[in-house]
Structures are given as structure tokens and as C-alpha cells.
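*Asks:* Quick one, fold the following:
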Amino acid sequence: MKKIFAFACCVMFIPFVSAHADQGGFTNSGGSLSGGSSVANPPGTLTIAGGTLTFLSSDGMTAIDAGFSSSSTVERCSGGGRGGHVTCAFTFTGTFSGTLTVNGATQAINGATSQVYRTNGVVVTGTTGYNSAYTPFYFSNSGQILRSDDLNGSNLISYGTQGGDVGQFYGAYGIALDPAGKIYVADTYNSRIVRIDDMNGTNWTSFGASGSDVAQFSNPSGISIDAAGRIYVMDTDNSRLVRMDDMNGTNWTTFSGIGSGVGQFAQYVAPVAFDASGRIYVADTGNTRIVRMDDMSGTNWTTLTQSPVVYGYIYSFASPIGVGVDAAGRIYVADGYRPSVVRVDDMTGTNWTSISLGSSATPNSIAVDSSGMVLVGGGGAQIVDNMAVVLTSSSALTQYYGPYYVFGATPISVPTPRPSAIRFSPPTLTFAQNMGTTSAAQTITITNFGGSPLNGVNLAASGGFSETDKCAGALSAGSNCAVSVTFTPQAVGPVTGALNVSDDSGNLGSTQVVPLNGTGTTPSASAAPTTLSFSSQAVGTTKNITLQSTGTGPLQVTSIVATAPFSQKNNCSGSIAPAASCTIQVTFAPTVAGPASGAVTITDNAGTQSVSLQAKSDD
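*Replies:* The predicted structure follows:
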């Protein structure tokens, strides 16, 4: 195993869309682990050293500064045999987070890189991709709608429960947004579609009933909204695509036909996609093809099943389960059988490009936002950057249901440049502290993982809690600050407080409240037995006293003293938790014959406890 310590190499950039590029990537080759080399197209230097990745263009206008959150290096060798030559190479892979600065505009990013280099340190090839760290999206676990600010489950919230009433979903497999940001749900097993204004369920509206007639659905699985606000529903068990103008079913129109010919689909499952001209794209899974048609009459029916000849090969779909179209008209297809994303320029398959999602992925949806970021749902959530790298969600996103339960993953539109985005880690604090004393400090880290500065940061703690911080009035994108919180209860019992934060965050609004929970406790202690008798015992006999912590707060022992001719040893140092105990070992060691008496005196934060000692020497 060999680690990459540093290299600088030639980079070919996929051009930035604007000064506020939300995702991008580049490839590189050449260079050395230990030295640098000139970089062309555009001029610059990519460096991986220790735990960091940086890129700096020669004109200083583009920079990436990031740290690795995970990385690994694998050695592979080939050749050998009798007299054969063995050739070895190393592959370094890593995921990173940091900042991208373009023309003075900085935003937080996440990314990944893969670099192949030989034993002499020369890089054979490398690929790097990145996207905005603030990538809000909706998804469903089938019984709820969820919203996350990124792949790591930041500020994760949910709405709904499983069922068939208002505020309930049953198999919510499709999600779509209209231009106003309202949320539409294909509530599959309730045979209806639902619209809500926000994650509070405001203005809940539902349409549809079980059946095959007008205004009826049977297991609708996908939903889409076109530029005109019309609603398209994949009415799966009725084998039809439905279009209507609004949530009243106005101008109900259907397209149906089962088969593999023109105007026919083998399955009606995935939501449709649209290009800038309003043409409709359908993933016809059972026929292993993508279909494009101009309208709900099937005009200009066009199919795509395979690529042109690419370096002597022809590539085809295995199980296309979803389709999306970016602003440039390029088509993205999620292939479920061999988990991957395929991108083509048009319906002729021009520039057929594929990237693997990994063997553990179970893709069920794909969507493309206005920046070209590709979001795949299923087996967690994944973001595909420039067909260069794939970033996969952490377990925090799906901690309650598991990665399989990510359905209908749908990006949320955000302004350009991306606004600031605030995150608190941990999102709440809990204390237990003896009344009238001050706890040890706990830390909350405030991070701006957005694309603009976070301004007007002001903090205050309430409810018996105090805070100190080093948060300036503004946090630049990708930066963080620490808040130290302590708790000083004035009474016994539960205390509810908050860290109140004001700022101009683009994701959580102008005010945020971080819950602070405390419990005021009180120490108490008992010693048993209350008397120790050493009558008729040999000199040097030992007996034990048990000191029990009987209060609601920790017991702190200050001193334990035994009077002569008695001595003691104990394990009562440190903090003794409620219901826990420690042991005091008392030894009788007189210097003269005859009876003796004394005491063990225990001093702690609950007061003083005393154990009487009585003894008769046999010497």
C-alpha cells in the first residue's frame, strides 16, 4: 500500500458555466507526486498532499481548497510469469469537502477524485468532480415526504404519516415541483395525487379515486409538472399516461397503448421529463428504450435503444428506469439493471457516456436541476457530477429507514448565486448538572455550507444556559465557528432553553432556534454500615464501607479520613453517578493493647457522612 503525498499535473477542465458554477469537473494526466509541471487548458496546478486537495489556475481566478473526508490507495500489478516483467500502478480515490472560488465568488463544495499513478510517481490519468455542498432535495420513504439540505441529511425534516387520510401517504413513489415550489406527490396505493404548499402540509389538496375512469387512478407511480404547470401522472396499473391542467382534473387527457410498437409502452412507471421545447421523454423500461414524443398524441414518436458505434462497440440500455433532460437538451438515463447513468446529446445517441453508480445502488428515479446536477434516488441518494464522479449519501440521510427507501428524489430550485446555508452540529445539546454549579462546556459548530456569505450572525442563550463564541458577524461560504455552551441550574428538575441565532441564512430563514435541554440535579449519599465493629478480631483485620450515590446528580467526594488506630483505602475518586457506589476499606492496626474507637468521616458535595468504628485488640 502506498500513499499519495503530493502531485501537480496537467488538467483539462470542463468549462465553468458562470462565476457561480454549481457543479463541474476536470481530468488530468502527467505530472509527478513529488514535483510540479505546467498545466494547460486552462493553466493551473492540481495538488494532492496529505489530507488536502487544491487547484489553482495560473491566472488566480479559479481555486479549490478542500480536505479529504475519506481516501484509500490500492496497488495493482500485472504481468510476471517465467521471465516476465511485472508492472504495478496505484489508484488513489478520495472524497473531499471545501470551497470553490471563481472570479472572487466562493461557495462550499463536496467532491471526489480518482488518480492512477505508476511506481515512479507519474500520474497516468485522473478525474475530479465537485458540486455545491448546499443541494436541497425532496424524497419519500413511501409513508412520508422528507426534505434534506444535502446528501448528509443536514436539517432533515419530514412530513406525513402512513395512511389514507389528510396528512398521510401510502407508497408515495413520485414527487414533483411546480414553478412556485409547490410539492406534488403520486400517492400510489391511495390511488390519488396530492399537492401541498410546503413541509407543513399547508393547503393540502388531493385529487383522484381508485378506478380506471376519468378522475381515477390505479397505483399512480410517477408525477411530473411541465413549464406550463400541467400535471402528468404515470397511471401504472391502468397502463396510461394522464395529463391534466390542474388539481381539478381540467382537460383530462390520456395516452395509452401496450406493446413495443409506435405509440406503445411495455410499462408505465417512471415520471416523464421535458426539454426546453416541451417535448415529452419516457423511460420505456420493458422495451429497454427511451421514447420522445412532441405531445400527448405521440407526434414525432422517436426511440433510442443503443449508441452509435463507439471505438468499435455499440452500447445499449439494460433496464432504463428513469429519464431527465438538462438545460442544454442532453438526456440522462438511470439504468437499473447495471446501476449506472447514461448521458447522450440527443435521440441519436451522440456522445453516449456512462458512469457506474456502484454495485450497491438500486436506482429508481433520476432528475436534473437547472445547474446540470444529476440526482439519483434509490440505494440512498447520489449526485453525478459532469459524468466524472458519483457522490453517495451518508447513512445520516436514511438512518431510520435504510438506503433502499429513497423514492422520487427531486432537486429543489435555488437562486443564483446559491444563498448561504446554515447547519448546526450537533443540532441539540443535553445537560445534567447539580443545582447551583456550572457544567463543563459543550460545543455546537455553526457551518455556512452555502454559496454566499452568512451575514448578521448574532447569538444568545436562554433558560439557565450561557454561551460564548468566536463567531464573527459574518461567515464566509465553507467556513464555520464554534459556540461553547454551559448550564447552571438554579432548581432541581427539567429545564428547557435555547441557543437563539439570527442571521440571513438562505435555507433556515432569519432566525433559528437550537434546543438546549437540561436537568437540574442534586447529590445525596449514604454510607453503610453506619457502625463497624472489630471486636475480638486480630490486628490488621479489614472491613468495608459502601458509599452509595443516592441523589439525582453525580456525587463528588472531597476527602475521606479515618482516625487512629484505624486507616482506610478507597476507590471513591472522581465522579460517582447516581445509583453507583464506591468502597472504603478500613483496617484496624493499633499500637497498644485494649479497646479502641474512632470514625471514618466522608466529605462530599452532598455534605458529610460518618461511620462509627469500634474495636477490641486481642494482643
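*Asks:* Against residue 226, how distant is residue 405?
*Replies:* 28 Å (C-beta to C-beta, to the nearest Å). Where C-beta positions appear, they are placed from N, C-alpha and C, glycine not excepted.
*Asks:* ranges for the helices of the protein?
*Replies:* Counting by DSSP state H, the chain has no helices at all.
*Asks:* Distance-wise, check residue 509 relative to residue 480.
*Replies:* 19 Å.
*Asks:* just residue 370 next, same as before
*Replies:* Residue 370 sits 28 Å away from residue 480, taking C-beta to C-beta as the criterion.
*Asks:* likewise residue 185?
*Replies:* Distance from residue 185 to residue 480, counting by C-beta to C-beta: 35 Å.
*Asks:* need the contact list for residue 587.
*Replies:* 540-542, 566-569 (C-beta atoms under 8 Å, 6 or more residues apart in numbering).
*Asks:* Mind listing the residues bridging to it?
*Replies:* On the basis of DSSP bridges, residue 587 is bridged to residue 542, residue 567.
*Asks:* Give me the pLDDT value at it.
*Replies:* Among the per-residue scores, residue 587 holds a pLDDT of 93.
*Asks:* Next one, pLDDT for the residue positioned nearest the centre of the chain please.
*Replies:* For the chain, the residue nearest the mean C-alpha position is residue 152 (0.7 Å; C-alpha atoms, centre = their mean). Note for residue 152: predicted pLDDT of 95.
*Asks:* Tell me, how many residues neighbour the nearest residue to it once chain neighbours are set aside?
*Replies:* Spatial nearest neighbour of residue 152, chain neighbours left out: residue 394 (4.7 Å); criterion: C-beta to C-beta, 6 or more residues apart in numbering. With neighbours defined by other C-beta atoms under 10 Å, the count for residue 394 comes to 17.
*Asks:* Now do the same contact list for the closest residue to residue 178 other than its chain neighbours.
*Replies:* Nearest residue to residue 178 in three dimensions, chain neighbours excluded: residue 225, at 4.7 Å (C-beta to C-beta, 6+ apart). Listed by C-beta under 8 Å, 6+ apart, the contact set of residue 225 reads 176-179, 184, 231-232.
*Asks:* Likewise for residue 327?
*Replies:* Going by C-beta under 8 Å, 6+ apart, residue 327 touches 276, 370, 372.
*Asks:* Sort out which of those are buried, if you could.
*Replies:* The neighbour count (16 or more other C-beta atoms under 10 Å) marks residue 372 as buried among these.
*Asks:* And the pLDDT for the closest residue to residue 229 other than its chain neighbours?
*Replies:* What sits nearest to residue 229 in space, not counting adjacent residues and going by C-beta to C-beta, 6+ apart, is residue 178, at 5.6 Å. Residue 178 is assigned 97 on the pLDDT scale.
*Asks:* ok, what's across the strand from the residue nearest to residue 178?
*Replies:* residue 231.
*Asks:* Relative to residue 333, how far out is it?
*Replies:* 20 Å.
*Asks:* any low-confidence regions in the protein?
*Replies:* Counting by pLDDT under 70, the ranges of the chain that qualify are 1-20, 32-43, 80-84, 536-539, 617-619.
*Asks:* about what we covered before: I'd assumed residue 398 was in contact with the residue nearest to the centre of the chain.
*Replies:* No: between residue 152 and residue 398 there is no contact under C-beta atoms under 8 Å: 10.9 Å.
*Asks:* so who does residue 266 touch?
*Replies:* The contact partners of residue 266, by C-beta under 8 Å, 6+ apart, come to 258-260, 284-287.
*Asks:* Nearest to residue 53 among those?
*Replies:* Taking C-beta to C-beta as the measure, residue 53 sits nearest to residue 285 out of these, at 38.5 Å.
*Asks:* count of neighbours near that closest one?
*Replies:* Residue 285 sits with 22 neighbouring residues when counted by other C-beta under 10 Å.
*Asks:* Enumerate every residue touching it.
*Replies:* 266-267, 269-270, 319-321, 336.
*Asks:* about what we covered before: tell me which of residue 185 and residue 480 has more neighbours.
*Replies:* With neighbours defined as other C-beta under 10 Å, residue 185 and residue 480 compare such that residue 185 has more, 25 against 15.
*Asks:* Chain neighbours aside, what residue packs nearest to the more buried one?
*Replies:* Nearest one to residue 185, counting by C-beta to C-beta, 6+ apart, is residue 194 at 4.5 Å.
*Asks:* That neighbour contacts residue 184, correct?
*Replies:* Yes: applying C-beta under 8 Å as the test, residue 194 and residue 184 come out as touching, 7.2 Å apart.
*Asks:* ok, residue 126 - contacts?
*Replies:* Contacts of residue 126 (C-beta under 8 Å, 6+ apart): 9, 27-29, 46, 113-116.
*Asks:* same thing with residue 302?
*Replies:* 291-293, 347.
*Asks:* tally of neighbours for residue 360?
*Replies:* 10.
*Asks:* So it is in contact with residue 379, correct?
*Replies:* Yes: between residue 360 and residue 379 there is a contact under C-beta under 8 Å: 5.8 Å.
*Asks:* returning to what we had before: among the contacts of residue 302, which are located in strands?
*Replies:* The strands, defined by DSSP state E, take in 291-293 from those.
*Asks:* who wins for most neighbours among those residues?
*Replies:* Counting by other C-beta under 10 Å, top hit in the ones in strands among the contacts of residue 302: residue 291 with 23 neighbours.
*Asks:* so that residue bridges to which residues?
*Replies:* residue 282, residue 303.
*Asks:* Tell me how far it lies from residue 252.
*Replies:* Taking C-beta to C-beta, one finds residue 291 at 22 Å from residue 252.
*Asks:* what does residue 78 give?
*Replies:* Using C-beta to C-beta, residue 78 is found at 62 Å from residue 252.
*Asks:* Looking only at neighbour counts, state which of these two leads.
*Replies:* Each of residue 78 and residue 252 has its neighbours counted (other C-beta under 10 Å); residue 252 has more, 13 against 10.
*Asks:* The nearest residue to residue 491 once chain neighbours are set aside pairs with what?
*Replies:* Nearest residue to residue 491, sequence neighbours excluded (C-beta to C-beta, 6+ apart): residue 520, at 5.3 Å. When bridges are called by DSSP bridges, residue 520 pairs up with residue 433, residue 493.
*Asks:* swap in residue 109?
*Replies:* Here residue 109 sits in beta bridges with residue 98, residue 132, going by DSSP bridges.
*Asks:* for residue 480, same thing?
*Replies:* When assigned by DSSP bridges, residue 480 has beta-bridge partners residue 447.
*Asks:* list the contacts for it?
*Replies:* So residue 480 contacts 445-448 (C-beta under 8 Å, 6+ apart).
*Asks:* from those, which is closest to residue 548?
*Replies:* Closest approach between those and residue 548, by C-beta to C-beta: residue 445, at 38.8 Å.
*Asks:* What's the local residue count around that closest one?
*Replies:* Residue 445, neighbours per other C-beta under 10 Å, totals 12.
*Asks:* Hmm, residue 425 and it touching each other?
*Replies:* Yes: counting by C-beta under 8 Å, residue 425 is a contact partner of residue 445 at 4.8 Å.
*Asks:* and stretch 257-274, which residues are buried?
*Replies:* Quick answer for stretch 257-274 (16+ other C-beta under 10 Å): 264-265, 267-274.
*Asks:* what separates that stretch from the chain centre, distance-wise?
*Replies:* 34 Å (C-alpha atoms, centre = their mean, to the nearest Å).
*Asks:* One more: stretch 206-219?
*Replies:* For stretch 206-219, the distance to the chain centre is 36 Å (C-alpha atoms, centre = their mean).
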